[in-house]
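*Asks:* model the following, please.
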Amino acid sequence: MYKRLFPRVTAMVLAGIMTFSLTACGGDQTASTGTDGSQAAESTAAATDEESKEYQVGVILKTTSSEYWSYVMAGVDAAEEELGNVYAQVYGASSDTDYEGQLNQAETILNSGTKQAIAIAPLDAGMAATVLGNADIPILAVDTNFDGASTFIGTAHEDAAYQGGQYIAEQIGEGGKVLILANIQGESTSEARVSGYTKALEEGGCEIVDVQYTDGVGDKAVNVMEGALQTHPDLDAVVCCADDVALGAARAMSSQGLTADDIMICGFDGISSGVQAVVDGTISCTVAQDPYNMGYQCVMSLVDAVDGEELPEFIDTGCSVITPDNAQEYLDKLNSLV
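*Replies:* All right, here's what the predicted structure looks like:
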């Protein structure tokens, strides 16, 4: 933002200096006055054009009907309000498994020709690459990366899950038995989290007894966890690729008289329900992304892309492990955003 503001102010200051010089000088300077006056007028016009410039950008989310994405939208709104000349239209599929719905949205928005740049959180990275990979406007990835995006704005998912896995490994110790509950099989974000968890747990000397998939749905996680408890009654921990999954696992455990004191539970995302569960002791921890910052940086980067500025390949929006020690503080922060 400041990079865009500085040239604008400089142009106006230079115009004022040149006008003052013309007023102070006379006589033989008359011939050059016309040229200098023309330059001053051009500088002022350029500054005015910069001030009146508007940006039309699109942000396509995985869905707009979940708590996590509401934080992303809050960040989008904050950047839009701060800049004042940006119109960021937000779209989202009906659910995070509505692949065709998101694909149709992307095609429609691109073909409309009304957006100067688009950012998308793809439900299917391959489909996003096919539809948007050869677009003639800047295309950015948010939350989930894909081939063809010039910049990825989001969490380093493998690194973030690694931090959560480290915390669990430290708590249960070497030899602990751990179940991984993933989201959608083959989906790049979920697989990156599984990889991060696996690396940290194995380094900590833990045994990963199984990796099972839940589609990121709490109700399905209940069923999967119930079966896992029968197969692996000696579990020490379960690490999950979403907070909803962690809450589903906790429900399954509760039905069998077990708590997070018996089997530790790690979530992922850091939504308010997950953080509240840490406060309450229902789950042990969660790896919190920063979706608000994700939405904010998304809009700022779209504007920079429209202006032709070179963006880094990856903009890390950060993460933190939420434990009983910091859960209430983080929950208060979340509640202030929406």
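
*Asks:* mind listing what Ala88 touches?
*Replies:* Val57, Gly58, Val59, Val76, Ala79, Glu80, Val299, Leu302 (CB atoms under 8 Å, 6 or more residues apart in numbering). For the C-beta atoms, the positions are set from N, CA and C on the backbone; glycine is no exception.

*Asks:* ok, Asn111 next?
*Replies:* If you count contacts by CB under 8 Å, 6+ apart, Asn111 has none.

*Asks:* contacts for the helix or strand harbouring Gln56?
*Replies:* Using DSSP states H and E, Gln56 sits in strand 55-61. Strand 55-61 has contacts (CB under 8 Å, 6+ apart) with 69, 72-73, 76, 83, 85-93, 102, 105-106, 109, 114-121, 142-143, 295, 298-299, 302-303, 306.

*Asks:* which among those end up buried?
*Replies:* 69, 72-73, 76, 83, 86, 88, 90-93, 102, 105-106, 109, 115-121, 142-143, 295, 298-299, 302-303, 306 (16 or more other CB atoms under 10 Å).

*Asks:* re earlier: given the strand holding Gln56, what are its sheet partners and their directions?
*Replies:* Strands adjacent to strand 55-61 in the sheet, as given by DSSP bridges, are strand 86-92 (parallel), strand 117-120 (parallel).

*Asks:* then whichever helix or strand comes after the longest one to CSV, C-alphas only?
*Replies:* Scanning forward in sequence from strand 86-92, with DSSP H and E defining helices and strands, the next element found is helix 99-112. Extracted as CSV, the C-alpha positions of helix 99-112 are listed here (Å, rounded to 0.1, in the frame of the first residue of the first chain):
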residue,chain,number,x,y,z
TYR,A,99,-16.2,-29.5,-7.1
GLU,A,100,-18.4,-28.9,-10.1
GLY,A,101,-20.0,-25.8,-8.5
GLN,A,102,-16.7,-24.1,-7.9
LEU,A,103,-15.4,-25.1,-11.4
ASN,A,104,-18.5,-23.5,-13.0
GLN,A,105,-18.0,-20.3,-10.9
ALA,A,106,-14.4,-20.0,-12.0
GLU,A,107,-15.3,-20.5,-15.6
THR,A,108,-18.1,-17.9,-15.5
ILE,A,109,-16.0,-15.3,-13.7
LEU,A,110,-13.1,-15.7,-16.0
ASN,A,111,-15.2,-15.6,-19.1
SER,A,112,-17.1,-12.5,-18.0
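
*Asks:* what is the mean pLDDT for helix 99-112?
*Replies:* Per-residue pLDDT over helix 99-112 has a mean of 94.

*Asks:* so how far is it from its chain's centroid?
*Replies:* Centroid separation for helix 99-112 versus its chain: 20 Å, with CA atoms, centre = their mean, to the nearest Å.

*Asks:* next, the angle strand 86-92 makes with that helix.
*Replies:* Here helix 99-112 runs at an angle of 150 degrees relative to strand 86-92 (axes from the mean of the first three to the mean of the last three CA atoms, to 10 degrees).

*Asks:* least trustworthy helix or strand in the protein by mean pLDDT?
*Replies:* Across the helices and strands of the chain, mean confidence by mean pLDDT, DSSP states H and E is lowest for helix 2-24: a mean of 34.

*Asks:* any low-confidence regions in the stretch 201-338 of the chain?
*Replies:* The stretch 201-338 of the chain contains no residues with pLDDT under 70.

*Asks:* residue ranges for the helices of it, please.
*Replies:* Counting by DSSP state H, counting those that start in this stretch, the stretch 201-338 of the chain has these helices, from start to end: 218-231, 243-254, 272-280, 291-306, 327-335.

*Asks:* and the contacts of the second one?
*Replies:* Taking contacts as CB under 8 Å, 6+ apart, the residues outside helix 243-254 that touch it are 181, 183, 214, 216-226, 229, 238, 240, 259-260, 262-263, 265-271, 273-274, 277, 282-283, 286.

*Asks:* before we move on, what about the longest one?
*Replies:* Residues from elsewhere that reach helix 291-306 (CB under 8 Å, 6+ apart): 1, 4, 55, 57, 59, 68-69, 71-80, 83, 86, 88, 116-119, 138, 140, 142-143, 150-151, 153-155, 311, 315, 317-318, 337.
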